[in-house]
Each structure stands twice: as C-alpha cells, then as structure tokens.
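next comes the sequence, and after it the predicted model I'd like to discuss.
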Amino acid sequence: MRTTAESTEIAASGTPAVELSLVVPIFNEEESVAPLIARIVEAMTGYAAPWELILVDDGSTDATLAVAREALGRPGLDLHVVALQRNFGQTAAMQAGITQARGRLIATLDGDLQNDPKDIPAMVAELERRELDLLVGWRQNRRDGLLLRKVPSFIANRLIGRITGVRLHDYGCSLKVYRATVIKQVKLMGEMHRFIPAWVAGVVPSSRIGEMPVTHHARQHGVSKYGISRTFRVILDLLSVMFFMRFRARPGHFFGSLGLGLGALSAVILAYLSVEKFILGNDIGTRPLFIIGVMLFLSAVQLITTGILAEMIARTYSRDDSSVSYIVRDVYSGEQPNL
C-alpha cells in the first residue's frame, strides 16, 4: 500500500520508472560480485514491477569494480555501478547508493553472499501488507562464529534496544527494506549503518518499524571485514546515537545540566569552606576539599559554555546540512532497462 506522499508523487509524475532499488555496498569482494549478481537476478525473476540494482564500490583495491562493470548491459538487468573515490566505509557507501536510488522502495543487503536475495520479494510484500516504513531482516540462524560475532551482537542488540526504545532482535542485519520517502530523510554518517532503525525512529513512529526472519549463509569467499574491535566502536557509536536522539536539537540542555549539577555541588563545598574560614577561623588553603570545590566550579563554567557553543553550532548546522560523507568518482549504468 502506497503512502499519501508516494501517491502524491506518482500522481504528479505518472507511474514511477522504478518500483524497487536494490543497494549493495561492496569492498574487496571480487570473488563474490558475479555470483551475487546472478543470485539477485534469479531471485527477482518473478518480481512483476520494474527494479534496479545499484552496486557501490567502496574504493576496492582488487578487481571488484572491474568484475561489477562486466555485468553492465546484461539483458534484463538495470544495473548501476557507483565507484567511490576511496574507501569511505560501509555507511557512506550505503548512503551513496540510497542517494542514487530511483525506486519507490529501497532494499539494502551485503555483498558477501551471506544475505539471501530470495528473501527480498517476500520482505517487500510483508512491508506493504503491514504498512511499514522499514522492515529489518532477522538472522535467526546466523552462520557466524559464536564468540566473535554472535555473543557481541546479542549483547549489542539488547543494549541498543533498551537505549533507543526500538526493540529488534537483529540490528546488524544489512538486509532491510525501506520506503524511499522515509530513508531519504535520514542522513547516514560515520559508522551508523547498524543503527539505522534508531535513526528512522526519529522520523516515523517506532510502530512503523518491523522485522521478519531471513536466511543467512556462511561466508564463501574472502575474509570478514569485522572483528572483536568492532564491539568497542559499537559502544562509542551507541553513546553518540543516544546523544543525538535525545539532545540533537538541544545540546545545551545536556551540557548545561551537567554544568549546573557540578556548579551546585561546587557551591555547597565552597559555602561549607566559607563557614570554616570566616566563622570558625580554620585554615582552608591547603585542604583538598578546597581544590575540589574550585575545580568543580571551573568545570561547571566550561560545561555551560560548551552547551552555549553547541546550541550555536546546532542552529548553524540545521541551516546548512547539505554536506555528504563520500565522493563519487564515476557512475556506470547498463543500457538495458529491467521490465
């Protein structure tokens, strides 16, 4: 079912040329690209509406880009290959593909053959049936290592759900289906692709975000781009997400609250020491508590000042938010439209 915004757009421009865009970021996946394209074509054979495939090469240093370009012009495949100037990371590559996408709906998946493209038509149908804006894949039977992948992911999913309020079983699954009108309102930066549901929840109610079980395969070629160090980055990114979700429009409240709290504590300490000095006549110059009180006062001033500066920066940023986190070198397109 189309949303009001989508219906208005279609009424103004006629039937959209592309119904579904498949966005796949790839980096050093030369052995996986050709099988991936073949699987996608096979999976989408029965899909009645026009669709396109967008491969985003994230500055690969092997033959990934060359192999991808070999599929250009393949009959029955509307393929576009976006080549980034260097390696900007999966989030930036995903953003580049979403920006390039022309479809009313957008599906994303990994390029390592672990996601199964056969799940995409079913996910599209489920998203439409439930009238969702985002449908997330749930890898119930993950084909990954227990200690290095499954356990950290389980902990991260629970933690992310508790902090963001968007409770899903599998935040890390790249297989997702979005309404283009919604996901294009979200700007992806840093390594925030794993928190996309949380960012989408800032645009639409969390009730319009769902999940469904999908197939997951073991990696067949190449090596994983992730390791245990990712866990620490996830924690830092999660703190950033929490800050942006709660204080992005009012950062002064965050820093100001901390500053006022420290300032109140400093005032109590200095008031007590003033009584000690001026009423009781005790020496306070060498007392550690005096140094602590002064340091808390200075910290309070710094935090409140930081809050004011953050408010000024936030207002400037909201007026000019046209920057992008990637640079496109070339865009290659096939000549055959997918009908």
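Perfect, I can see it now. Residues are numbered from 1 along each chain as shown.

thinking in terms of the whole chain, how far from its middle is the longest helix along the chain?
In the chain, taking DSSP state H as the definition, the longest helix is helix 288-319. Its chain's average C-alpha position is 29 Å from that of helix 288-319, according to CA atoms, centre = their mean, to the nearest Å.

what's it packed up against?
Helix 288-319 sits against helix 251-274, with contacts defined as 3 or more CB pairs under 8 Å, 6 or more residues apart in numbering; DSSP states H and E. Heads up, the C-betas are built off the backbone N, CA and C, glycines and all.

ranges for the strands of the protein?
20-26, 51-57, 79-84, 105-108, 134-139, 176-179, 209-214, 328-333 (DSSP state E).

JSON lines please, covering those and showing distance to residue 33.
Converted to JSON lines, those look like this (distance: least, CB to CB, whole Å):
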{"stretch": "strand 20-26", "distance to residue 33": "6"}
{"stretch": "strand 51-57", "distance to residue 33": "7"}
{"stretch": "strand 79-84", "distance to residue 33": "10"}
{"stretch": "strand 105-108", "distance to residue 33": "16"}
{"stretch": "strand 134-139", "distance to residue 33": "21"}
{"stretch": "strand 176-179", "distance to residue 33": "21"}
{"stretch": "strand 209-214", "distance to residue 33": "21"}
{"stretch": "strand 328-333", "distance to residue 33": "13"}
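
where in the chain is the helix or strand with the lowest mean pLDDT?
Across the helices and strands of the chain, the lowest-confidence element by mean pLDDT, DSSP states H and E is helix 4-13, at a mean of 49.

just give me the lowest mean pLDDT stretch among the strands of the chain.
In terms of mean pLDDT, the lowest-scoring of the strands of the chain is strand 328-333 (a mean of 85).

so which residues make contact with that strand?
Here strand 328-333 makes contact (CB atoms under 8 Å, 6 or more residues apart in numbering) with 69, 72, 79, 80, 81, 82, 83, 84, 85, 96, 100.

quick one: which of these has the most company?
Most neighbours among those, by other CB atoms under 10 Å: residue 96, with 27 neighbours.

confidence score at that one?
For residue 96, pLDDT reads 94.

how near is it to residue 82?
Separation of residue 96 from residue 82 (CB to CB, to the nearest Å) stands at 6 Å.
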